[in-house]
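J.: Sequence and computational prediction follow.
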Amino acid sequence: MLGLMQHHPLLISSLLVHAERHHGAQEVVSRRLEGDIHRTTYRELAARARRMAKAMQALGVGGGERVATLAWNGYRHLELYYAVSGMGAVLHTLNPRLHPDQVVWIADHAEDQVLCFDLTFLPLVEAVAARLKTVRHFVLMADRSHMPAATKIPNLQCYEDLIDAQDDAYEWPVFDEQRASSLCYTSGTTGNPKGVLYSHRSTVLHAFGAALPDALNCSSRDAILPVVPMFHVNAWSLPYVACMTGAKLVFPGAGLDGKSLHELFESEGVTVSAGVPTVWQGLLAYVEANGLGFSTMKRTIIGGSACPPAMIRAFQETYGVHVLHAWGMTEMSPLGTVCSFRNKHLAMSEAERLALQTKQGQAIYGVDMKIVDGNGAEIPWDGQTSGELLVKGPWIVQQYFKGDGGNPLVDGWFPTGDVATIDADGYMQITDRAKDVIKSGGEWIGSIDLENIAMAHPGVAMAACIAAPHPKWDERPLLVVMKKPNAMVTKEELLAFYEGKIAKWWLPDDVVFVDAIPLGATGKMQKNKLREQFKGHVLPTI
Ligand code: ADP
């Protein structure tokens with residue numbers, strides 16, 4: 001017997017319709033590339049998204065065709081999020097931090113038909129336009145006064161002109177919720193990038209899961225500032241969660257430095273933010289150097305790479321901003337786990353709670369996870385034994401775009417490439433990425449632990465621990481350190497800092513100091529580059 005309830009497909013357009021009808025006066029604030037602060041509401045934004053959907057149709061964009069963006073977080077990007085997916089086309093968010101050759105490769109692979117881009121990326125688009133095989137229309141996301149007088153870009157259109165040419169009399173089409181809505185490529189640290197093709201259903205379900213109290217805990221009382229870019233995994237779904245919950249949205253545009261972010265946090269009453277640890281480093285350094293604080297910020301979601309405990313402590317103890325340590329990946333839309341507290345944790349000491357928060361946390365409903373040994377057998381949840389982490393759920397990839405890489409699943413589970421432990425309460429902790437694990441004499445040393453300890457040293461700005469070849473043990477840990485400006489730290493001091501914090505055989509064999517640690521297009525340390533740089537490094541033999 002079937003249930004007798006209404007059937008409404010879970011479509012992305014329904015999130016915007018909800019925000020317009022039930023939170024129409026709620027604000028969307030953006031720091032614009034034009035230099036000013038722009039204010040709009042969900043009501044206005046929804047009307048402009050409908051006009052943009054009609055404009056895309058007028059450009060000849062059909063169902064399932066890809067419309068690419070090269071853009072910062074801002075209201076026009078949000079309009080495209082809803083206009084393109086809502087009309088039945090696929091929004092392809094390109095990462096402008098990638099090498100231009102990679103941008104061309106990805107746009108060709110995706111067969112993008114239209115490319116919408118911010119003013120910042122005009123030089124990039126001018127440089128690659130002639131090489132893009134499938135793009136028929138280029139759209140500069142600005143008004144007429146910002147259009148270049150002369151350009152090499154063929155068919156360059158003005159975003160505001162496209163909107164002005166349409167009225168907002170448009171009904172969002174209703175179609176199968178399994179249809180593709182957006183496309184995001186993995187950063188491809190090994191081999192070519194692969195496309196993850198989200199569906200309307202996966203996106204709406206993920207937004208439900210992400211908004212839950214034990215996940216990102218968002219409501220209409222929040223003002224959310226996503227620092228995490230809308231060009232990387234849909235800004236961790238915050239543009240969808242905000243419409244679903246009726247929260248205020250605040251977009252930083254290109255202003256990701258500590259000063260610009262802090263100004264916006266304070267002037268707009270931001271309560272929630274989200275980003276990778278490297279971004280928060282800049283913000284915390286600015287706030288500390290200028291003796292500032294946060295008057296409205298309640299919590300920040302930190303993920304994308306392991307959040308060092310020293311950063312959690314700084315946010316919580318010094319500034320009263322609660323940290324939600326989260327884990328996920330492009331293939332997971334991206335949310336998998338969030339480290340929120342249970343009742344029993346509230347009675348713990350500060351130090352115990354901090355240790356807990358170093359973990360990536362508990363699975364949110366919709367995601368199941370397990371850890372397995374080298375033979376694929378499940379490992380017990382004892383918080384000690386580590387193994388490869390596998391996940392499954394309705395917002396986790398089944399197959400990559402165009403079938404690249406074959407079938408990634410193992411018995412229906414997606415292997416994440418991460419190595420983790422899970423404790424008896426189901427709290428997961430990433431010990432490493434499988435390719436970064438240091439294999440010493442047949443045993444594994446997790447690099448994240450070693451990095452977290454180094455980053456707790458007051459003189460260390462950033463630290464990466466990589467495997468260096470060793471004649472007896474195969475590999476041993478080499479600690480690569482970027483000091484804080486003007487800090488005086490020595491190798492001996494750093495090695496002594498590990499005393500009592502780890503098993504003796506985990507102690508790095510050597511420390512090297514560098515001016516900068518290379519970061520990838522999503523703000524993560526590029527350990528493959530460091531391994532290449534230090535492949536000839538000779539470890540001291542004692
Ligand atoms: P890419 O895989 O292309 O680098 P993703 O953003 O999809 O880009 O990265 C996902 C990976 O980032 C995860 O598999 C994991 O290794 C790492 N990661 C994400 N969040 C965390 C976290 N909180 N702690 C440790 N590692 C994390």
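T.: Great, that's in hand.
J.: Do a quick rundown of the strands in the stretch 51-200 of the chain.
T.: 66-70, 90-93, 112-117, 137-140, 156-158, 180-185, 195-199 (DSSP state E, counting those that start in this stretch).
J.: So for the residue of the stretch 51-200 of the chain found nearest the ligand, what's the pLDDT?
T.: As assessed by C-beta to the nearest ligand atom, the ligand sits closest to Ser187 within the stretch 51-200 of the chain, at 3.5 Å. All C-beta spots, glycine's among them, are computed from the backbone N, C-alpha and C. For Ser187, the pLDDT comes out at 75.
J.: can you pull the contacts of it?
T.: Counting by C-beta atoms under 8 Å, 6 or more residues apart in numbering, Ser187 touches 95, 98, 193, 330, 520-522.
J.: how about these, which pair is most distant?
T.: Pairwise distances across those peak at 13.4 Å for Leu98 and Thr330 (criterion: C-beta to C-beta).
J.: Quickly note the distance from Glu532 to the ligand.
T.: 17 Å (C-beta to the nearest ligand atom, to the nearest Å).
J.: Wait, a helix at that residue?
T.: Yes - counting by DSSP: H, G, I helix; E, B strand; the rest coil, Glu532 is found in a helix.
J.: What does the pLDDT read for it?
T.: Glu532 carries a pLDDT value of 91.
J.: Can you tell me the strand partners of the host helix or strand of Val512 and which way each runs?
T.: Using DSSP states H and E, Val512 sits in strand 510-513. When pairing is defined by DSSP bridges, strand 510-513 lines up against strand 474-483 (parallel).
J.: neighbouring contacts of the partner strand?
T.: For strand 474-483, contacts defined as C-beta under 8 Å, 6+ apart pick out 438-441, 445, 447, 450, 454, 459-470, 489, 494, 506-517, 530, 534, 537, 539.
J.: Drop anything exposed from those residues.
T.: Buried residues within the contacts of strand 474-483, counting neighbours by 16 or more other C-beta atoms under 10 Å: 438, 440, 445, 447, 450, 454, 459-470, 489, 494, 506-512, 517, 530, 534, 539.
J.: Looking at the residues you listed, which are in helices?
T.: Assignment to helices by DSSP state H places the following of the buried ones among the contacts of strand 474-483 there: 447, 450, 454, 494, 530.
J.: Next up, the contacts around the closest residue in space to the fourth one that isn't next to it in sequence.
T.: Right, the one you point to is Leu494. Leaving aside its sequence neighbours, Leu494 sits nearest to Val511 (C-beta to C-beta, 6 or more residues apart in numbering; 5.3 Å). When contacts are counted by C-beta under 8 Å, 6+ apart, Val511 touches 478-481, 491, 494-495.
J.: Next, work out how far apart Val511 and the ligand are.
T.: Distance from Val511 to the ligand, by C-beta to the nearest ligand atom: 22 Å.
J.: for that residue, which residues make a bridge with it?
T.: Applying DSSP bridges to Val511 gives these bridge partners: Leu479.
J.: so how far is Gly62 from Lys402?
T.: Going from Lys402 to Gly62 by C-beta to C-beta, to the nearest Å gives 18 Å.
J.: ok, now Met311?
T.: On the measure of C-beta to C-beta, Met311 and Gly62 end up 46 Å apart.
J.: Likewise for Glu79?
T.: 20 Å.
J.: residue contacts, the nearest residue to Ala129 once chain neighbours are set aside?
T.: Closest residue to Ala129 apart from its sequence neighbours, by C-beta to C-beta, 6+ apart: Ile153 at 4.7 Å. Applying C-beta under 8 Å, 6+ apart to Ile153 gives the contacts 125-126, 129, 138.
J.: repeat that for 10 Å
T.: Ile153 makes contact with 115, 117, 122, 125-126, 128-130, 135, 138, 140, according to C-beta atoms under 10 Å, 6 or more residues apart in numbering.
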